[in-house]
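One predicted model, sequence on top.
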Amino acid sequence: MSQSSEEKYAAAMRELETRYAAFHQVGRKAYRPGLETIAALDAALGNPSRAFRTVHVAGTNGKGSTASLLASVLTAAGYRTGLYTSPHLVDFRERIRIDGRKISKDFTADFVGRVGSLGLDAAPSYFEVATAMAFSYFAAEKVDVAVVEVGLGGRLDSTNIITPLLSVITNISKDHTAILGDTEEAIAAEKAGIIKPGVPVVVGRAEGGVRRVFEEKAAQAGAPLIFAADNPLYTSLLGTADAVCYCGTPWGDVSSPLTGRWQHENAATVFNSLVVLSENFDIRPDAVARGFAQVGRLAGLCARWMPLRISDRDFICDTGHNPGAWQELGPRLATLHPAGKLRMVLGFVSDKNIDAMLPYMPREAEYYFVAPESDRARSAESTAAIFAAAGLRGTACGTVRAGIDAALAASSPADTIFVGGSNFTVATLLEEYI
């Protein structure tokens with residue numbers, strides 16, 4: 001009996017998860033620096049990475065939002081636009097989209113089987129397979145342009161075999177320090193590795209030594225360099241709980257549902273990037289307005305300060321999982337001022353520096369500590385002990401579902417429940433409660 005499309009896809013996902021090392025499951029052990037394997041894989045597939053124009057996006061925080069906004073605007077402008085991001089939350093196919101629509105299950109299953117029969121000298125990693133799949137899909141579907149998000153770092157990331165029209169680096173803060181370096185300057189040097197000779201580069205926020213790293217790398221490469229923070233290309237902000245309006249942009253007033261305090265930096269980076277991209281694409285004011293307003297539909301972006309209503313309770317989820325993200329998330333949560341109580345369901349993976357996030361955690365919240373569904377998960381008890389040592393107490397609940405259920409059971413209609421700390425924590429919320 002022949003397998004159905006669903007069965008083939010499920011089998012392919014099992015093979016992908018078990019045969020190839022996945023960073024989102026095992027962490028640093030899956031990281032394979034160097035471009036030799038991905039270059040060989042790309043060549044064996046006919047070099048699909050060269051078949052379309054690209055925009056390359058790196059950075060510590062905000063690169064997913066920035067990549068999605070750019071892709072959304074290009075789609076709204078009428079261009080067939082690929083988008084490659086990572087990690088996924090619920091379904092692997094979230095990583096690879098064209099005009100907001102996920103890659104087909106049939107293409108995914110067929111590609112995994114095809115890679116397994118190539119007979120490469122070195123077995124690719126999970127991320128290398130995913131990257132080659134994205135390039136192959138975009139080439140097969142004849143996209144006009146693809147926005148490609150770096151997975152980790154930049155210089156040695158698998159996506160760095162492309163030569164883009166534009167390189168974008170959102171910002172730098174300490175994350176993945178065991179791999180990228182323990183100073184912001186060292187991390188910046190790795191991310192600056194996506195800068196290519198003569199290719200314009202837009203950097204979002206960079207100060208001091210980090211700024212000098214980008215200046216020196218761009219000068220060496222002869223790459224025109226723009227710092228978006230120097231000229232954000234909007235004159236003022238008007239914000240509500242549900243939207244923010246960027247007034248006075250080159251395309252008029254532009255509204256966005258992305259209301260996180262850090263999103264104004266992403267918007268400045270996107271606006272500056274669109275100016276550069278306008279040399280190759282016809283980007284009209286209506287496309288910018290629609291691309292920003294409909295980024296969820298046109299690019300599939302979710303879980304960036306995402307309000308939800310579950311079981312008659314107000315929820316917020318966010319995938320921010322490093323100190324730079326919590327420097328913005330924490331103060332915003334602390335100033336929510338719900339009529340009731342702020343309840344925080346938090347689960348982290350074991351390689352994250354929780355101590356560096358603690359200063360930003362709301363002091364008056366009620367905490368529910370959980371272990372995300374990942375081989376890299378930090379136990380709920382371990383997280384609870386770290387928070388308790390900082391004077392932040394709560395309940396170790398075990399699983400994500402147990403933590404969410406406990407928060408729901410203890411809540412009143414006036415409370416707000418936040419779910420975050422890891423992509424895996426948010427994934428369980430979206431998969432099991434939405």
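Ah, there it is.

Surely Thr60 is within a helix?
No: assigned with DSSP: H, G, I helix; E, B strand; the rest coil, Thr60 falls outside any helix and is coil.

Can you tell me how far it is from Glu190?
Remark: distance between Thr60 and Glu190 (C-beta to C-beta, to the nearest Å) = 11 Å. Just so you know, the C-beta spots here come from the backbone N, C-alpha and C atoms, and that holds for glycine as well.

Please, which helix or strand holds the residue nearest to the spatial centre of the chain?
The structure's the chain has its C-alpha centroid closest to Gly64; by C-alpha atoms, centre = their mean the separation is 3.4 Å. Using DSSP states H and E, Gly64 sits in helix 63-76.

Quickly run through the sheet partners of whichever helix or strand comes after that helix, with directions.
Beyond helix 63-76 in the direction of the C-terminus, DSSP H and E gives the next helix or strand as strand 81-84. Applying DSSP bridges, strand 81-84 is found paired with strand 96-98 (antiparallel), strand 145-149 (parallel).

Now mean neighbour count and distance to Asn266 too, for the ones you listed, in a markdown table please.
Below are these laid out as a markdown table (neighbours: other C-beta atoms under 10 Å; distance: least, C-beta to C-beta, whole Å):
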| stretch | mean neighbour count | distance to Asn266 |
| --- | --- | --- |
| strand 96-98 | 24 | 19 |
| strand 145-149 | 27 | 13 |
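
Ser49: which of those strands is closest?
With C-beta to C-beta as the criterion, Ser49 lies closest to strand 145-149 of these, at 9.1 Å.

The closest one to helix 63-76, inter-axis angle?
170 degrees (axes from the mean of the first three to the mean of the last three C-alpha atoms, to 10 degrees).

Distance from the helix or strand following strand 145-149 to the middle of the chain?
Following strand 145-149 in sequence order, the next helix or strand is strand 166-169 (DSSP H and E). The chain centroid and the centroid of strand 166-169 are separated by 15 Å under C-alpha atoms, centre = their mean, to the nearest Å.

So what are the sheet partners of strand 166-169 and their directions?
strand 53-58 (parallel), strand 201-203 (parallel).

and Lys341, how far is that from Leu308?
The value you get for Lys341 to Leu308, if C-beta to C-beta is used, is 17 Å.

okay if I get the strands paired with strand 166-169 as TSV plus distance to Leu41?
Output for the strands paired with strand 166-169, formatted as TSV (distance: least, C-beta to C-beta, whole Å):
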stretch	distance to Leu41
strand 53-58	17
strand 201-203	26
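
Export those strands as JSON lines, with columns for mean neighbour count, mean pLDDT and distance to Ser382.
Listed next are the strands paired with strand 166-169 as JSON lines, based on neighbours: other C-beta atoms under 10 Å; pLDDT from 0 to 100; distance: least, C-beta to C-beta, whole Å:
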{"stretch": "strand 53-58", "mean neighbour count": "27", "mean pLDDT": "98", "distance to Ser382": "31"}
{"stretch": "strand 201-203", "mean neighbour count": "28", "mean pLDDT": "98", "distance to Ser382": "36"}
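
For the stretch 1-150 of the chain, just list every one of the helices.
For the stretch 1-150 of the chain, the helices defined by DSSP state H, counting those that start in this stretch occupy 5-19, 23-26, 36-44, 63-76, 105-116, 126-140.

picking up where we left off before, not counting its neighbours along the chain, what's nearest the residue nearest to the centre of the chain?
Thr85 (5.4 Å; C-beta to C-beta, 6 or more residues apart in numbering).

Kindly report the same for Lys102.
Arg93 is the one closest to Lys102 (C-beta to C-beta, 6+ apart), at 3.9 Å.

now swap in Leu392 and tell me
Met361 (5.8 Å).

Just to check, the one you found is in contact with Gly391?
No: look at Met361 against Gly391 with C-beta atoms under 8 Å: they stay out of range, at 10.0 Å.

Who has more neighbours out of the two?
Met361 (20 against 9; other C-beta atoms under 10 Å).

Return the distance of stretch 105-124 from the chain's centre.
25 Å.

Contacts for it next, please.
Contacts to stretch 105-124, defined as C-beta atoms under 8 Å, 6 or more residues apart in numbering, come from residues 5-6, 8-9, 11-12, 15-16, 19-20, 36-38, 40-41, 44-45, 92-93, 129, 132-133, 136-137, 140.
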